[in-house]
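>>> For reference, the sequence and a predicted model appear below.
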Amino acid sequence: MTSAAKNFDPAVIWALLEEVKDPEIPVLSIVDLGIAREVKDTIDGQLEIVISPTYSGCPAMYMLEEQITETLINHGYPDPVITTRLSPAWTTDWMTEEGRKKLEAYGIAPPEKTTTNKSVLFGGQKKISCPRCKSDNSEQISEFGSTACKALYRCLDCREPFDYFKCI
Amino acid sequence: MTELSKQDALVHYAAQIGDNGLIIGHRMAEWCFRAPSIEMEMALMNCALDMIGQSRELYSYAAEAEGAGKTEDDFAYRRDEKDFRNNLLTEVPNGDWGDTIVRLFFMSAYNKLFYAALAGSSDSQLAAIGAKSLKEVTYHLRFSSEWLIRLGDGTEESHERAQKSVDSLWTYTGELFTMTDAENRLLKDGISVDVAALKADWNEIIEQVLKQATLTVPADGWAQTGGKAEGIHTEYFGYIIADMQYMQRRYPGCEW
């Protein structure tokens, strides 16, 4: 930890990052999603935010970078550096407990807590519970939903379709 | 013949892997507004997005390794047919839904093994891209496998057509396991993947899924090659870049 050149309080920066929301799931911040990985300073003393993309082709990443920069500049942190880090690869395990609750309240089933083997080809999926009526009696309609990170399900009890945040 | 320098080999290698994703991603995106149902369309577009995203990372890395000030866009939009080193399998036309699914299945089975191996590369950026991509292509493999089983073990007509797709695309699969000069050059440093060694595992995945789909695995015969090693493509390729590169060719350097 280099504290000498640090002219920011990490707790304040993390709180600011909470204001940056996912454009597709506006109830979740990049902190809830586990996209924001690290707040530190560069060798030159600039504020650096390290982020990890959810999916390689996620179109929201560029927008998020711009939003982070804008939020920080608006709060008096000029020239922040945004660094993308691919390794270790982002996983839904990084989503916070708070984030999982917000997601479910928003109507999207949160990713399974994983002890399951993610590389299994078939039958790896457990029953997903409906975010509306909480029934486990659901079926998958489509492996892919409205964005790369979601799959489409249907509740067989309340009959509502719902998005499921895929576990990767 | 002089041997490729390590740097040149790395640029070739990263770009060549990127070419596979860009070209098959572009092909799948051609289904946009044309897929049989909205769920199928979303699935293909999401797979395509993953692959094009992977290519962006690979092209950016190729540009960085080259150190000539290029960007990912130079690789995608400002190269000619002969410079693209994708496997021919990725560029064949979409055909019917069965052809598209079989092509994606063959390619995803390969990608899963390939990226798993790349994750162990001694080059840290390629290893990071490998580990990240592996998660995505595993999902593509599941999606395409399930569809292939549905088609093969479906009606008489879907079975017959799926078998026809398997048989007609089989000739392009041999190229996946050939090694280029760049791959051989990087192999000794533990950077590249020995793709020839992936063939047995690939066969196992193919046999497992085709058996469940009640389809027959074709015998290996003469393999159609040329794209990966030499940039000699099928007659379909020119139309892909004519479409993809139109704006940069008509308005060089245009941005918006």
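On my side now, so go ahead.
>>> quick one: buried residues of the worst-scoring helix or strand of chain A on mean pLDDT?
Across the helices and strands of chain A, the lowest-confidence element by mean pLDDT, DSSP states H and E is strand A:138-142, at a mean of 89. Going by neighbour count (16 or more other C-beta atoms under 10 Å in any protein chain shown), the buried part of strand A:138-142 is A:138, A:142. For every residue, glycine as well, the C-beta is placed using N, CA and C.
>>> That one pairs with which strands, and in what direction?
strand A:150-155 (antiparallel) (DSSP bridges).
>>> Tell me the first helix or strand C-terminal of the strand it pairs with.
Note on strand A:150-155: by DSSP states H and E, the next helix or strand toward the C-terminus is strand A:161-165.
>>> Can that following strand be said to contact chain B?
No. Strand A:161-165 stays clear of chain B (C-beta under 8 Å from any C-beta of the partner chain), getting no nearer than 10.8 Å.
>>> Paired strands for that strand, with orientation please.
On the basis of DSSP bridges, the sheet neighbours of strand A:161-165 come out as strand A:108-109 (parallel), strand A:150-155 (antiparallel).
>>> Let me know the average pLDDT across the first one.
Computed over strand A:108-109, the mean pLDDT rounds to 94.
>>> returning to what we had before: can the strands paired with strand A:161-165 go into TSV with extra columns for mean neighbour count?
Supplementary listing: these in TSV, determined by neighbours: other C-beta atoms under 10 Å in any protein chain shown:
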stretch	mean neighbour count
strand A:108-109	23
strand A:150-155	21
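>>> closest one to residue A:50 among these?
For the strands paired with strand A:161-165, distance to residue A:50 was read as C-beta to C-beta. The smallest value, 25.0 Å, belongs to strand A:150-155.
>>> Need the residues that contact that closest one.
Defining contact as C-beta atoms under 8 Å, 6 or more residues apart in numbering or on different chains, one finds that strand A:150-155 is touched by A:108-109, A:128, A:130, A:132-133, A:135, A:137-146, A:160-166, B:39.
>>> what about the helices in the chain?
Using chain A here. A:10-17, A:60-74, A:97-105 (DSSP state H).
>>> Switch to chain B, please.
Applying DSSP H to chain B gives helices spanning B:6-29, B:38-66, B:72-77, B:97-118, B:124-152, B:156-169, B:181-187, B:199-212, B:227-230, B:237-244, B:246-250.
>>> Tell me which other helices or strands the fourth one touches.
Identification of packing neighbours for helix B:97-118 by 3 or more C-beta pairs under 8 Å, 6 or more residues apart in numbering or on different chains; DSSP states H and E yields helix B:6-29, helix B:38-66, helix B:124-152, helix B:156-169, helix B:199-212.
>>> I'm done for today, thanks for sticking with me.
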